[in-house]
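Novice: Sequence and computational prediction follow.
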Amino acid sequence: MSKPKVLVARAIFPESIERLAQHFEVESNQADEVWSKAQLIARLQGKVGVFTTGSERIDAELLDACPGLKICANMAVGYNNFDTDAMTAHGVLGTNAPDVLTETTADFGFALLMATARRIAESEHFLRAGQWQKWAYDMFSGSDIHGSTLGIIGMGRIGQGIARRGAHGFGMKVIYHNRSRLDAALEAECKASYVGKDELLKTADHVVLVVPYTPASHHTIGAAEIALMKPTATLINIARGGIVDDAALAVALKEKRIAAAGLDVFEGEPKVHPDLLTVPNVVLTPHIASATVPTRKAMADLAVDNLIGYLVNGKPLTPVNPAVLAKN
Ligand code: GLV
């Protein structure tokens, strides 16, 4: 009997393809070509599953054109590339890769915060450019992390990881804003106090964004929100492009309305707003918050486990639209 067919839409670990090949006929993209939507649709013909990475948009148009598709397994915790309503309507399951990246991503959020507040990237460029002629009392003075107020917008697992690092490791006062308040035990463990969004923006020395992207969270931070922040504050976005209005942020950084920003995600990435590339007080990284070898392997493994779990055993591990399972 022939094996069911799956597509791996981007280059991934060879071991992941080998694992999939034990159960499926696998078409992969190890050349990591950038496929248009039409090319993705063409390759999905006859496939029951697809391994996605967060860059491939799965919407009604694609689903209409791929009637045999049963599951899209994202190697990412965020799944704003999925139109989950359309997927549920088409009976297509989506899965994501939560938990396995939480601590690694929280580490990175903290690294970006430190690099931004202490002007590490900016000063390194200065040194490499041969501009360091003498010590100066105010050279690359930044702002303190220890003892400062950390404001976290989005208090899911990664937000909680950042809160723990700030409160327990750096003696920061942690405030947070979230759609719903954490229970008291979790607040105590994270040493975090719930506040309104405006209060957080007005009070925090460092604001870290970790909210999922949805139409409601689009431009959570724009010119009006930046205007509430302290002129000495830093803003860190490790959530998703589109959570921050990048054009408004570039203006604010240029005019020093806030001290600095650290961005790992961008509106329309991999394109970056050109004005962000010319302001010195921003640290820019190419969407690498979960990028350690063990974590990326664990994320790939989870996506593979979801494909095997659903297509072979009928039991996916981390479904994002479980209503599809109820229908089956
Ligand atoms: C990365 O951005 C992810 O959602 O896993």
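Specialist: Sure thing, it's come through.

Novice: can you pull the contacts of Met87?
Specialist: Met87 is in contact with 58, 63, 72, 93-94, 321, 324, counting by CB atoms under 8 Å, 6 or more residues apart in numbering. All C-beta spots, glycine's among them, are computed from the backbone N, C-alpha and C.

Novice: In ChimeraX, how would I select just the buried ones from the residues you listed?
Specialist: Filtering the contacts of Met87 down to the buried ones (16 or more other CB atoms under 10 Å) takes a single ChimeraX command:
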select :58,63,72,93,94,321,324
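
Novice: Can you tell me which residues in this protein are near the ligand?
Specialist: Within the chain, the positions near the ligand by CB under 6 Å from any ligand atom are 54, 76-78, 101, 290.

Novice: how about these, which pair is most distant?
Specialist: Gly54 and Leu101 (11.7 Å; CB to CB).

Novice: who's more crowded, these two?
Specialist: Remark: of Gly54 and Leu101, Leu101 carries more neighbours, 24 against 19, as counted by other CB atoms under 10 Å.

Novice: which residue sits closest to that one, ignoring its sequence neighbours?
Specialist: In space, and not counting its chain neighbours, Leu101 is closest to Ser290: 4.1 Å by CB to CB, 6 or more residues apart in numbering.

Novice: and if you look at Gln160?
Specialist: Spatially, and ignoring its direct neighbours in sequence, Gln160 is nearest to Cys190 (5.2 Å; CB to CB, 6+ apart).

Novice: ok, now how distant is that neighbour from the ligand?
Specialist: As judged by CB to the nearest ligand atom, to the nearest Å, Cys190 and the ligand stand 21 Å apart.

Novice: can you check Thr232 too?
Specialist: Computed as CB to the nearest ligand atom, the Thr232 to the ligand distance reads 29 Å.

Novice: per-residue confidence for that residue?
Specialist: pLDDT, Thr232: 98.

Novice: related to what we said a few turns ago, the residue nearest to Gln160: what's it in contact with?
Specialist: Cys190 makes contact with 155, 160, 163-164, 167, 174, 176, 182 under the criterion CB under 8 Å, 6+ apart.

Novice: what's the answer for Asp245, then?
Specialist: Asp245 neighbours (CB under 8 Å, 6+ apart): 219, 221-223, 267.

Novice: Tell me, how many residues neighbour the residue of the stretch 151-300 of the chain found nearest the ligand?
Specialist: Taking CB to the nearest ligand atom as the measure, the point where the stretch 151-300 of the chain comes nearest the ligand is Ser290, at 5.3 Å. If you count neighbours by other CB under 10 Å, Ser290 ends up with 23.

Novice: Assign it to helix, strand or coil.
Specialist: Three-state assignment for Ser290 (DSSP: H, G, I helix; E, B strand; the rest coil): coil.

Novice: okay if I get the contacts of Met87 as JSON lines plus secondary structure and pLDDT?
Specialist: Below are the contacts of Met87 laid out as JSON lines (DSSP: H, G, I helix; E, B strand; the rest coil; pLDDT from 0 to 100):
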{"residue": "Ile58", "secondary structure": "strand", "pLDDT": "98"}
{"residue": "Leu63", "secondary structure": "helix", "pLDDT": "98"}
{"residue": "Cys72", "secondary structure": "strand", "pLDDT": "98"}
{"residue": "Leu93", "secondary structure": "strand", "pLDDT": "98"}
{"residue": "Gly94", "secondary structure": "strand", "pLDDT": "98"}
{"residue": "Asn321", "secondary structure": "coil", "pLDDT": "98"}
{"residue": "Val324", "secondary structure": "helix", "pLDDT": "97"}
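
Novice: quick one: which of the contacts of Met87 is nearest the ligand?
Specialist: Gly94 (12.9 Å).

Novice: give me every residue that touches the closest one.
Specialist: Contacts for Gly94 were tallied using CB under 8 Å, 6+ apart; they are 58, 71-74, 79, 82, 84, 87, 319-321.

Novice: If we go by neighbour counts, what in stretch 319-328 is buried?
Specialist: Of the residues in stretch 319-328, 319-321, 324 count as buried by neighbour count, 16+ other CB under 10 Å.

Novice: How far does it stretch from one end to the other?
Specialist: 14 Å (CA to CA, to the nearest Å).

Novice: Cool, thanks, talk later.
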